[in-house]
Every structure is written in C-alpha cells, then in structure tokens.
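Novice: pasting the sequence and the predicted model now:
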Amino acid sequence: MSPPSPVEEIPEVQPSASPLTRIGEARWVLLTALGVAIAAVVAYDLPVWPAVGGVLLMAAVAAFVPRRSASRRVKLNTQREMRRMWPGTGMKVTVDALPTPCFVADGRGITRYVNSQAMATYDGVKPGDPLSFSLRAPSLLEAFDRVCTTGEAERITWIEKVPTETWYEAHIAPIYMPGSGSQERGRDLPDFILVVIQDLTENKRLERMRTDFVANASHELRTPLASLTGFIETLQGPAKNDLEAQDRFLSIMLDQAGRMRRLIDDILSLSRIELKAHVRPATIVDMGEIIRHTADALSPLASDLGVEIRINLPDAPVRLKGDRDELIQVAENLIENALKYGSSGKVVDVGLMEQVSDQDAPCWVLSVRDYGEGIPREHLPRLTERFYRVDVETSRTMKGTGLGLAIVKHILTRHRARLEVESEPGEGALFRVKLPAMEESEGVVDKLSA
C-alpha cells in the first residue's frame, strides 16, 4: 500500500565504543573537572592527590560505563516523531482486515495509509497526498475538520449524482497514540484520523425498489384484476350455463392474466437492473453476435407481422464491455418495438457502426430504424418514463407494458451508454444506442488472457 517508512525500522544496535573513544566524547567534562580541581588546590590549599584521584575516577567512569551517544539520541527522537506521522504495522494490519474502504490520515488531512479496498475503489490514491485528492465530498471534508478540532467521532451520509445516483456513509474517528502527549482531547490534534466509508447504494435501491413495486403494481394491476373479477362474477351468475359466453370470457381472462404476468416480469426486471445500476459490467461480449441472436429470435414475430429485418453489421467481432443478457434485452426491446409499431413500413433496418461521439471518444452505434407511422415530436422526451405510452390502446393491443424503454434506459445507464431517438410523423422512427468502445490497452489485455 505504501513504501516502507522509518516507522517500521528497528533501531540498529551500535557496536561497543572503546574506552579511549568514550574518554574523547567526555573530554570537555573531564577538562572542566580538571580545571576545578586545580583551582581548588591553589585557592584552598587542598592536597593534590585527592584532587587528582577525583579527576581520574571521573575519567574511569567515562571510559568504562556505557552511555547513549548524542547522535543515537537524535536518531531515536526522530523515529519517535516519525511514529506520530506514519501508522505502525499493527494499525495497518487492522485496517487491511476491514472489508470497506478505509483511510488513515493525520491531523493535517494528509493521507498516511489506505487499505486494499480503498485502493480498488478510488483511483490514484497514495499516501502522502491530501485526503481531499481522493475524497471530494464537501460534507465529508467538513466532518473531518470537525473531528480534528473537537476530537469527537462523527458519522455522516451523502449522495453523489454522477455518473449514477449513489449513497455513502462515512465513520470518522480520532486515534490517539499512547505516549504521544495528545490524549488531552480538544487541545492537541489527534495523531491520526480513521475514515471508514460504506456504500449504501444497494440498500437504498432495494428500499426504493420495494416502494416503486408497490406503487406501480397497484396502479397497473388494478385494470386487469377488475376485468378478471367482473368476468368471474359473470361466469358464476348470468353466464353460468352459457358455454359460448364461457369460452369467450375465459379467453379474455387468459389475456388479462398474461398481461399481469408480463407486467410483473417487467417490473421485477427493471428493479433488478436498478439495483446494480452503479456497478459497471466488466465482461467482454461480442455486440454483433448479440444482434444476430436477437434478430433470429424475433424472426417468427417479423414473419407474422409481414416485416423484413435487414441487418448491416461489421464482418469482424465487435468487442465491448457489457452484460450479455442485458444487451440482448436492449436489442430485443428496440427491434420488437420497431416490428410492432412500425409494421406498416414492412422493413426494419438494424445496423452497427463505429464512430466518434460528441466527446471525441470512440463508440459503437446500434441503430434500429422502422418506416412506420412515426412518433409525434412532443412525445419523444418522455418515451423512457415508466408506463408512458404514446397510444394506450395500441400499446395494450400489442401487449405492451409501458416498461420496455424504461428498462432500456436503465441498462444503458449501467453500461455508460446513451439512447437517442429521432422521429417524424409518417416517416418512421430511428433509435440509436451509443456504447463506449474498448480502449486499445483493454483489447491487448483481453487477447493475452485469451
């Protein structure tokens, strides 16, 4: 995590100095003692031998009694100061054992250690940089300053909107090292500040998923449930002995039950996608193969509607980072919508080409175009809203749930992709999906691993 620091070094053992070296180190003390002895003999007529004996005794003590050299004292003092600046091995081992991103900073806000989870989560983290280089949430940095000042632990939560909505919680606690002289809280800066960050996004999305499911299901299921209830009451009453009416009503009931099943499946699919919207896929997929697979799967529907699916794909594989099942769902929703709502044009064109996006980043563009009635311009901004339908009756006739494009939008958000729609009444509709291309370095790594 961090380069070895002087904190972890054991002070080296100094070799024993010779008696002459020790006398040399104490020479000024001995000369002072000799001067005092001579002055005492001259001024007070003291006997010479006791004075000489005292000086010799001091010389013997200096020669044979080991003492710590000044340079060694300076070195140990320096190491004590370094211990206050860099965490020791015990603290590092403890922080590494935690399953969430952890930062250890000093009282001035300088990062002193980060565990492996933090290294994997945050790019460019390294000890010695200010903590604000890695954690840019203003509320977190303000709480850090308060902990440094008051010495009291804090817990805060905040939301980040880019690239997707994510929720975080941070525990910030001061650490006072034994013997550092900083135990008096409120007076001195803590030796270190421990910042532990927990991602609450999954829990928050799960909570929102439950709420949305109840609201959406209760709204959309009310109509088919009312129909089923009415037909059941009719079958139990006036149509009890009418076989022809029973067959007609049971057929309608089966359609309504199928509608409820499709609706519940789409709501659950959308909820699962939202739950992991903040986790970008890392699997390598072939987008060309996905489109061919989807077109083959929808060929029976195209045949029933009398529509031809024309595909224009590159000859070489188009390798992208993505979730195969989710990208199949995107292609399936777009092509199926084109077949159902653009069937009057008799042709659906599906293409895949590489181009440079508005941000000058290479991307692959999946285009699905139909030549049907088109979509009025005022409806285009709301197409990806849940349960939004341009024509309610047509949608229900085509067995739509109003969730297809909402699912597409959330899948593309997870893939850092973008959906664009162009349409004019009477001229059909064009849906474009812009998927980020893989960088060359990623392609090289993938080839080597293959």
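Specialist: Arrived safely, thanks for sending. As the structure is a computational prediction, the values presented were derived from the model and not from experiment.

Novice: which strand or helix spans residue 112?
Specialist: strand 111-114 (DSSP states H and E).

Novice: what's the spacing between that strand and its chain's center?
Specialist: 19 Å (CA atoms, centre = their mean, to the nearest Å).

Novice: just the strands in the stretch 1-150 of the chain please.
Specialist: Along the stretch 1-150 of the chain, the segments classed as strands by DSSP state E, counting those that start in this stretch run 102-105, 111-114.

Novice: for residue 346, which non-adjacent residue is spatially closest?
Specialist: Once flanking residues are discounted, residue 346 sits nearest to residue 307: 5.8 Å by CB to CB, 6 or more residues apart in numbering. Using the backbone N, CA and C atoms, a C-beta is placed for each residue, glycine as well.

Novice: which strands and helices sit next to the strand holding residue 112?
Specialist: Counting contacts by 3 or more CB pairs under 8 Å, 6 or more residues apart in numbering; DSSP states H and E, strand 111-114 packs against helix 89-97, strand 102-105.

Novice: so in this structure, which helix runs the longest?
Specialist: For the chain, the longest helix by residue count, based on DSSP state H, is helix 243-275.

Novice: just checking, next helix/strand downstream of it?
Specialist: That would be, after helix 243-275 and using DSSP H and E, strand 284-286.

Novice: strands paired with the strand holding residue 112, and their directions?
Specialist: Sheet partners assigned to strand 111-114 using DSSP bridges are listed as strand 102-105 (antiparallel).

Novice: which residues touch the partner strand?
Specialist: Contact with strand 102-105 is made by 87, 91, 95, 111-115, 117-118, 131, 134-135, 144, 175, 192-197, as judged by CB atoms under 8 Å, 6 or more residues apart in numbering.

Novice: gap between it and the chain center?
Specialist: That offset, for strand 102-105, works out to 17 Å (CA atoms, centre = their mean).

Novice: and it, average pLDDT?
Specialist: Strand 102-105 shows a mean pLDDT of 92.

Novice: buried ones in the longest helix of the chain, by neighbour count?
Specialist: 249, 253, 256, 259-260, 263, 266-267, 269-271, 273-275 (16 or more other CB atoms under 10 Å).

Novice: what's the answer for stretch 274-289, then?
Specialist: 274, 275, 276, 277, 278, 281, 284, 285, 286, 287, 288.

Novice: with distance to residue 415 and pLDDT added, can I get those in a markdown table?
Specialist: Output for these, formatted as a markdown table (distance: CB to CB, whole Å; pLDDT from 0 to 100):
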| residue | distance to residue 415 | pLDDT |
| --- | --- | --- |
| 274 | 14 | 75 |
| 275 | 15 | 75 |
| 276 | 11 | 76 |
| 277 | 10 | 73 |
| 278 | 12 | 74 |
| 281 | 6 | 86 |
| 284 | 13 | 92 |
| 285 | 10 | 92 |
| 286 | 15 | 93 |
| 287 | 11 | 93 |
| 288 | 16 | 92 |
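
Novice: separation between the most centrally placed residue in the chain and residue 319?
Specialist: Ranked by distance to the mean C-alpha position of the chain (CA atoms, centre = their mean), the top residue is residue 121 at 5.8 Å. For residue 121, the distance to residue 319 equals 26 Å [CB to CB, to the nearest Å].

Novice: equivalent analysis for residue 175, please.
Specialist: Distance from residue 175 to residue 319, by CB to CB: 47 Å.

Novice: picking that back up, which of the buried residues of stretch 274-289 sits closest to residue 35?
Specialist: Using CB to CB, the shortest approach to residue 35 within the buried residues of stretch 274-289 belongs to residue 278, at 80.0 Å.

Novice: list the contacts of that closest one.
Specialist: Contacts of residue 278 (CB under 8 Å, 6+ apart): 164, 165, 166, 201, 414.

Novice: a markdown table for those residues, including neighbour count, distance to residue 226 and secondary structure?
Specialist: Shown next, in a markdown table, are the contacts of residue 278 (neighbours: other CB atoms under 10 Å; distance: CB to CB, whole Å; DSSP: H, G, I helix; E, B strand; the rest coil):
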| residue | neighbour count | distance to residue 226 | secondary structure |
| --- | --- | --- | --- |
| 164 | 17 | 37 | coil |
| 165 | 16 | 35 | coil |
| 166 | 18 | 40 | strand |
| 201 | 20 | 37 | helix |
| 414 | 20 | 36 | helix |
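
Novice: in CSV, list those residues along with pLDDT and distance to residue 293.
Specialist: Listed next are these as CSV, based on pLDDT from 0 to 100; distance: CB to CB, whole Å:
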residue, pLDDT, distance to residue 293
164, 74, 28
165, 81, 32
166, 87, 32
201, 85, 31
414, 87, 20
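
Novice: so which strand or helix has residue 410?
Specialist: Going by DSSP H and E, residue 410 is part of helix 404-414.

Novice: what's the first helix or strand after that helix?
Specialist: Later in the chain than helix 404-414, the nearest helix or strand by DSSP H and E is strand 418-423.

Novice: which elements pack onto that next one?
Specialist: Checking 3+ CB pairs under 8 Å, 6+ apart, strand 418-423 ends up next to helix 404-414, strand 429-436.

Novice: which one of these has the lowest average pLDDT?
Specialist: Looking at those, the weakest mean confidence is helix 404-414, a mean of 87.

Novice: kindly calculate the angle that that one makes with strand 418-423.
Specialist: Orientation check (axes from the mean of the first three to the mean of the last three CA atoms, to 10 degrees): helix 404-414 against strand 418-423 gives 140 degrees.

Novice: averaged pLDDT, the strand holding residue 112. What do you get?
Specialist: 90.

Novice: okay, that strand in CSV with CA atoms only?
Specialist: C-alpha atoms of strand 111-114 as CSV (Å, rounded to 0.1, in the frame of the first residue of the first chain):
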residue,chain,number,x,y,z
THR,A,111,-3.3,10.6,3.8
ARG,A,112,-0.9,8.2,5.7
TYR,A,113,-2.3,4.8,4.8
VAL,A,114,-5.1,3.3,2.7
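
Novice: contacts for that strand, please.
Specialist: So strand 111-114 is contacted by 1-2, 85-87, 91-92, 95, 101-106, 122, 125-131, 133-134, 192 (CB under 8 Å, 6+ apart).

Novice: go again using 7 Å as the cut-off
Specialist: Strand 111-114 has contacts (CB atoms under 7 Å, 6 or more residues apart in numbering) with 1-2, 86-87, 92, 95, 102-106, 125, 127-131, 134, 192.

Novice: CA atoms of stretch 365-378 as PDB?
Specialist: The C-alpha trace of stretch 365-378 is given here as PDB (Å, rounded to 0.1, in the frame of the first residue of the first chain):
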ATOM      1  CA  VAL A 365     -23.600   2.900 -32.500                       C
ATOM      2  CA  LEU A 366     -26.500   0.400 -32.700                       C
ATOM      3  CA  SER A 367     -29.300   1.800 -34.900                       C
ATOM      4  CA  VAL A 368     -32.800   0.400 -35.200                       C
ATOM      5  CA  ARG A 369     -35.000   2.200 -37.800                       C
ATOM      6  CA  ASP A 370     -38.600   1.500 -38.900                       C
ATOM      7  CA  TYR A 371     -40.600   3.100 -41.600                       C
ATOM      8  CA  GLY A 372     -44.000   3.200 -39.900                       C
ATOM      9  CA  GLU A 373     -46.200   6.000 -38.700                       C
ATOM     10  CA  GLY A 374     -43.500   7.600 -36.500                       C
ATOM     11  CA  ILE A 375     -43.800   9.300 -33.200                       C
ATOM     12  CA  PRO A 376     -45.000  12.900 -32.600                       C
ATOM     13  CA  ARG A 377     -42.200  15.100 -31.500                       C
ATOM     14  CA  GLU A 378     -43.800  16.200 -28.200                       C
END
